[in-house]
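S.K.: structure for this input, please:
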Amino acid sequence: MKAKLGIAPIAWWNDDLAELSDDVSLEECLRQASVAGFTGMETGRRFPMDMAELGPILARYGISVCGGWFSGLLLDGDIEAEKDRIAQQMAFFKAAKAPCIVYGETARSVQGIKSAPLASKPKLTEAETAAYGRKISDFADWCAANGMPISYHHHMAAAIETEAELDLFMQHSSVPLLFDAGHMAFAGGDTLRVIENHWRRITHVHTKDIRRAVVDGLDRSRESFLDAVVKGAFTVPGDGSLDFEAIVTALAAKGYEGWFVVEAEQDPKVSPPLEMAIKGHAELMRVMAAAGYEVVQ
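M.R.: Residues are numbered from 1 along each chain as shown. Purely as a prediction, here's the structure:
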């Protein structure tokens, strides 16, 4: 089985908290990712949305586009409006030969509101989840038919956060799934059970780790998702509390092939991005070998 290793630029530039950003250029970010051993990077705010401009820069560092976030509004919005909103990114990602667009539902989410406690996250009824599932399934089908699939990112402080919410959402939808180990662990879910239950739909993987002591020490009635990030809730594989050998082995047992992307937002002054990237890559190479994966370009 084959796997590819990518990383997200959120370790270098945080789009929600500018103060948690390293003052480096796109080229320096790509250089550091390449030095660490990664061959893919998800897009971020400093990426030009034009392959004529970006392509030669990526080629210089042996990096390809392995995904990128789209802030979806389908929970409360209109499918036709979302088609218009995603059109430019779809065209760019098709030109970049990216595997998917990461769909994150931001309608009603409190993930980017520093004053909103984790406990204030949106909660959907089963009827609301079913209606949402039908809507996003139609949208996902349209994206795939137009040459660029989406992969749905369950996320802390958003409508689909917990294992139970994800189970219900998957029951009422047909959308491909991005499995994020760190977000599911932070939400109190069982990462291995999620893989067991939903492996047929997993098309993209984020290997985000958590620092269990930080997560368990949060006051969710008072502290926000961004407070948790500042405190260091997230980190790279090999630096946190999750057993990535077990997680990757479980995915291998189900035949998952594709991208494993390190996505770990934290303070670059406390956790230098290059140092973290090297550590995360080394741990992934270790667990990939243990699970029987061949890591390819």
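S.K.: you'd agree residue 3 is in a helix?
M.R.: No. According to DSSP: H, G, I helix; E, B strand; the rest coil, the state of residue 3 is strand, so it is not within a helix.
S.K.: please name the spatially closest residue to it (chain neighbours excluded).
M.R.: The shortest distance from residue 3 to any residue other than its chain neighbours is 4.3 Å, reached at residue 293 (CB to CB, 6 or more residues apart in numbering). Every C-beta, even on glycine, is put in place using the N, C-alpha and C of the backbone.
S.K.: distance of the one you found relative to residue 259?
M.R.: Using CB to CB, to the nearest Å, one gets 12 Å for the distance from residue 293 to residue 259.
S.K.: residues in contact with both of the two, list them for me.
M.R.: Counting by CB atoms under 8 Å, 6 or more residues apart in numbering, the common neighbours of residue 293 and residue 259 are residue 3.
S.K.: can you count the residues close to residue 7?
M.R.: Neighbouring residues of residue 7 were enumerated by other CB atoms under 10 Å; the total is 33.
S.K.: I'd say it and residue 261 touch.
M.R.: Yes. In this structure, residue 7 sits in contact with residue 261. The criterion is CB atoms under 8 Å, and the distance is 6.4 Å.
S.K.: mind checking how far residue 90 is from residue 8?
M.R.: When distances are taken as CB to CB, residue 90 and residue 8 turn out to be 19 Å apart.
S.K.: between the two, who's got more neighbours?
M.R.: Neighbours were tallied for residue 90 and for residue 8 using other CB under 10 Å; the higher tally belongs to residue 8 (25 against 18).
S.K.: element containing the most far-flung residue of the chain relative to its centre?
M.R.: Relative to the centre of the chain, and counting by CA atoms, centre = their mean, the farthest-placed residue is residue 127 at 26.8 Å. Element membership of residue 127, judged by DSSP states H and E, is helix 126-145.
S.K.: mean confidence score for the following helix or strand past that helix?
M.R.: Towards the C-terminus, the helix or strand next in line after helix 126-145, according to DSSP H and E, is strand 150-153. Confidence over strand 150-153 (mean pLDDT, whole number) is 98.
S.K.: on that earlier part again, read off the pLDDT value for the residue nearest to residue 3.
M.R.: Per-residue pLDDT puts residue 293 at 98.
S.K.: beta partners for the residue nearest to the spatial centre of the chain?
M.R.: For the chain, the residue nearest the mean C-alpha position is residue 206 (4.9 Å; CA atoms, centre = their mean). Under the criterion DSSP bridges, residue 206 forms beta bridges with residue 180, residue 261.
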